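Enquirer: show me the folded form of this:
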Amino acid sequence: MALTALLSVSDKTGILEFAQSLHGLGVKLLSTGGTAKLLADAGLPVTEVADHTGFPEMLDGRVKTLHPKIHGGLLARRDLPAHVAAIQEHGIDTIDLLVVNLYPFEATVAKAGCTLEDAIENIDIGGPAMVRSAAKNWKDVGVLTDAAQYPVALAELKASGKLSDKTRFAFSVAAFNRIADYDGAISDYLSAIDFEASEGQAAPKRALFPAQSNGRFVKLQDLRYGENPHQQAAFYRDLYPAPGSLVTAKQLQGKELSYNNIADADAAWECVKNFEVPACVIVKHANPCGVAVGADAHESYAKAFKTDPTSAFGGIIAFNRPVDLAAAQAVSKQFVEVLMAPAYTPEALEVFKAKVNVRILQIELPPGGDTDWKNGRNAMDVKRVGSGLLIQTADNHQLALADLKVVTTKQPTAQQLEDLLFAWKVAQYVKSNAIVFCAGGMTLGVGAGQMSRLDSARIASIKAEHAGLSLAGSAVASDAFFPFRDGLDVVIDHGATCVIQPGGSMRDQEVIDAANERGVAMVFSGVRHFRH
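Expert: Numbers count the residues shown, from 1 in each chain. Now for the predicted structure:
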């Protein structure tokens, strides 16, 4: 008995060729609207759904496939005599293949100026209903919701005249996932609309945070364990990942990434891609332990490594420029867990062949532009708390020279301003309380994650001393304000001659007076960078 396929797609990519192949295999074609016209115009024998059901399409296309002859044909179990008898009694033919993709709701609401009416009209009803029916009855019906599935289906149909149980089940799972994504997008959009504030406006006013948040992620891999060996974990990506983000990485070599590898790699990559000039970032336990800029990958690495060679052991290294032979030879002298760069020369990869366990990731830098997404950054950050989520806009603030406010009598020099901006970029990626000493485009000492800002300052100076680096004439960044002058005195005592901090403390004047008394330059950024 010939198979019957129902084809009804909004995105018609590849559908004509697929239908032609189905026809060549003797499959009977049913279709709707524009899809039916496309197939008929190409000379394919196709039956309109309205002719199949004996009921006309109506309500501007809102009702066409919501009919027992469609859903009975999709839902009837072939292994149950009662189901077979029921559809025979009512003249319902079985449908063996369903090919549906949905109205483009997500693309519609992403357009500037999208009206609520446009959004509502792009909510598909019949499509999801058919997909759910077919997916539920996966043992008898193959449901295709993506053009990428067409070649797989054709290969099996040509080989055996039917789809395998494994393929039908996989298609069913993909179909339910698509419906979940689709419904989640609708919920996100509609629950963000402020209805009263939108009355009389063409485009509705939408809240930044919807009344219901529907996360949609795709699993990339199961991990050996989580943060600790007794924990289980998996790695997921956004449904639509930003270009140049960590999940787009291609692993060229090395062992499977661990949970901690991924977390640390993200910290390193987010920091290094923030620099416009060649840069290297070395991360250990989610904190940058060495950051530098240079003429190329090799020079930036050599400077970054000097900051804290001890912590760099077993660290994560990220470059924002291609890794060449010189950089590879330098890096290969230390124990490194993960190496990231936008590209590697063949000579560089040859060096690492001897280091088979080193995980080498290649990530294209984001294209850049006027949105977080184009810059490869998350628009939102999420933190899990007991039975809840904290959701906030991501800390993507970029400080410019013009944003700085000099608050001391002593004015910073051009070189000091450059060092201060560099220190500020690094401090943004250091766990709070963060204190970062820098000079000449490299970190000299980093103090991270302490309960007291004084302790972070002391740790940063100790790190510099252990690395044999002088802090004389250095620039210091503090991710939050100095609440008292004592923290400022500590960094000055260790050699800082200029400081950048957000300002905003009740004792700002006390700290400014201390800076003037000590003869250092201080600028306020007006922005805090807590990172917990």
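Enquirer: low-confidence ranges in the stretch 251-400 of the chain?
Expert: Low-confidence segments of the stretch 251-400 of the chain, defined by pLDDT under 70: none present.
Enquirer: contacts only, for the nearest residue to D11 once chain neighbours are set aside.
Expert: Distances taken as Cβ to Cβ, 6 or more residues apart in numbering place N101 nearest to D11, at 5.0 Å, with adjacent residues excluded. Placement of C-beta: from N, CA and C, glycine included. Neighbouring residues of N101 by Cβ atoms under 8 Å, 6 or more residues apart in numbering: V9, S10, D11, G127, T145, D146, A147.
Enquirer: what are the phi and psi values at N101?
Expert: Note on N101: backbone dihedrals following degrees, to the nearest 10 are phi -120, psi 160.
Enquirer: nearest residue to the spatially most central residue of the chain other than its sequence neighbours?
Expert: A centroid search over the chain (Cα atoms, centre = their mean) returns P241, at 4.1 Å, as the residue closest to the centre. Leaving aside its sequence neighbours, P241 sits nearest to V247 (Cβ to Cβ, 6+ apart; 4.8 Å).
Enquirer: report pLDDT for the one you found.
Expert: As predicted, V247 sits at a pLDDT of 95.
Enquirer: if I look at it, how far off is G468?
Expert: Counting by Cβ to Cβ, to the nearest Å, the gap from V247 to G468 is 39 Å.
Enquirer: tell me which of the two has more neighbours.
Expert: Using other Cβ atoms under 10 Å as the criterion, V247 and G468 rank with V247 on top: 16 against 8.
Enquirer: kindly export whichever strand or helix holds A85 (C-alpha atoms) in PDB.
Expert: Here A85, judged by DSSP states H and E, is contained in helix 81-89. Extracted C-alpha coordinates of helix 81-89, given in PDB (Å, rounded to 0.1, in the frame of the first residue of the first chain):
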ATOM      1  CA  PRO A  81      -8.100  -3.200  15.400                       C
ATOM      2  CA  ALA A  82     -10.500  -0.800  17.000                       C
ATOM      3  CA  HIS A  83      -8.600   2.200  15.700                       C
ATOM      4  CA  VAL A  84      -8.400   0.700  12.200                       C
ATOM      5  CA  ALA A  85     -12.100  -0.100  12.200                       C
ATOM      6  CA  ALA A  86     -13.000   3.400  13.400                       C
ATOM      7  CA  ILE A  87     -11.200   5.200  10.600                       C
ATOM      8  CA  GLN A  88     -12.500   2.800   8.000                       C
ATOM      9  CA  GLU A  89     -16.100   3.400   9.300                       C
END
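Enquirer: for the protein, what helix or strand is lowest in average pLDDT?
Expert: helix 195-198 (a mean of 72; mean pLDDT, DSSP states H and E).
Enquirer: picking up where we left off before, identify the bridge partners of the residue nearest to D11.
Expert: Beta bridges link N101 to V9, judged by DSSP bridges.
Enquirer: and the pLDDT for it?
Expert: 91.
Enquirer: A427 versus that one, what's the distance?
Expert: Using Cβ to Cβ, one gets 47 Å for the distance from N101 to A427.
Enquirer: same check on K111?
Expert: Relative to A427, and taking Cβ to Cβ, K111 is found at 38 Å.
Enquirer: and those two? which has more neighbours close in?
Expert: Set K111 next to A427 and count neighbours by other Cβ under 10 Å: A427 wins out with 27 against 12.
Enquirer: report the separation between the residue nearest to that one when sequence neighbours are not counted and A439.
Expert: Distance criterion Cβ to Cβ, 6+ apart; nearest residue to A427, sequence neighbours excluded, is A477 at 4.0 Å. Separation of A477 from A439 (Cβ to Cβ): 12 Å.
Enquirer: again with N274
Expert: Distance from N274 to A439, by Cβ to Cβ: 19 Å.
Enquirer: equivalent analysis for P128, please.
Expert: In terms of Cβ to Cβ, P128 sits 60 Å off from A439.
Enquirer: higher neighbour count, the two?
Expert: A439 (24 against 20).
Enquirer: which strands and helices sit next to the lengthiest helix in the chain?
Expert: Criterion DSSP state H: the longest helix present in the chain is helix 165-190. Packing contacts for helix 165-190, counted by 3 or more Cβ pairs under 8 Å, 6 or more residues apart in numbering; DSSP states H and E, involve helix 105-109, helix 126-136, strand 142-144, helix 150-160.
Enquirer: sorry, back to before: element containing the residue nearest to the centre of the chain, please.
Expert: Applying DSSP H and E, one finds P241 in no helix or strand.
Enquirer: got phi/psi on it?
Expert: phi -70, psi 150.
Enquirer: that older thread, now what about the least confident helix or strand of the chain, what contacts it?
Expert: By Cβ under 8 Å, 6+ apart, helix 195-198 touches L116, P204, K205.
Enquirer: name the member of these with the most neighbours.
Expert: P204 (20 neighbours).
Enquirer: wait, isn't that residue in contact with D118?
Expert: No. Applying Cβ atoms under 8 Å as the test, P204 and D118 come out as separate, 10.4 Å apart.
Enquirer: from K303, how far out is V430?
Expert: Counting by Cβ to Cβ, the gap from V430 to K303 is 17 Å.
Enquirer: neighbour-wise, which of these two wins?
Expert: V430 (28 against 20).
Enquirer: SS state for the closest residue to D308 other than its chain neighbours?
Expert: Leaving out its chain neighbours, the residue that sits closest to D308 by Cβ to Cβ, 6+ apart is C289, at 4.4 Å. Three-state assignment for C289 (DSSP: H, G, I helix; E, B strand; the rest coil): strand.
Enquirer: dump the contacts of helix 195-198 to JSON lines, plus secondary structure and pLDDT.
Expert: Shown next, in JSON lines, are those (DSSP: H, G, I helix; E, B strand; the rest coil; pLDDT from 0 to 100):
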{"residue": "L116", "secondary structure": "helix", "pLDDT": "87"}
{"residue": "P204", "secondary structure": "coil", "pLDDT": "82"}
{"residue": "K205", "secondary structure": "coil", "pLDDT": "83"}
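Enquirer: which residues does whichever strand or helix holds T443 contact?
Expert: According to DSSP H and E, T443 maps onto strand 442-447. Outside strand 442-447, the residues that touch it by Cβ under 8 Å, 6+ apart are 287-293, 303-304, 306-308, 423, 426, 430, 433-438, 455-464, 467, 469-471, 474.
Enquirer: show only the entries of the residues you listed found in strands.
Expert: N287, P288, C289, G290, V291, A292, V293, I435, V436, F437, C438, S474 (DSSP state E).
Enquirer: ok, the fourth one to S187 distance?
Expert: This points to G290. G290 sits at a distance of 44 Å from S187 (criterion: Cβ to Cβ).
Enquirer: more neighbours: which of those two?
Expert: Taking other Cβ under 10 Å, G290 and S187 do not tie; G290 has more neighbours (29 against 15).
Enquirer: hey, what's that one bridged with?
Expert: Counting by DSSP bridges, G290 is bridged to I282.
Enquirer: pretty sure it is touching S300, no?
Expert: No. The pair G290 / S300 is not scored as a contact, 10.0 Å apart, by Cβ under 8 Å.
Enquirer: quick check: neighbours shared by the two?
Expert: Contacts common to G290 and S300, judged by Cβ under 8 Å, 6+ apart, are C280.
Enquirer: tell me where the stretch 351-500 of the chain has helices.
Expert: For the stretch 351-500 of the chain, the helices defined by DSSP state H, counting those that start in this stretch cover 414-427, 453-466, 485-493.
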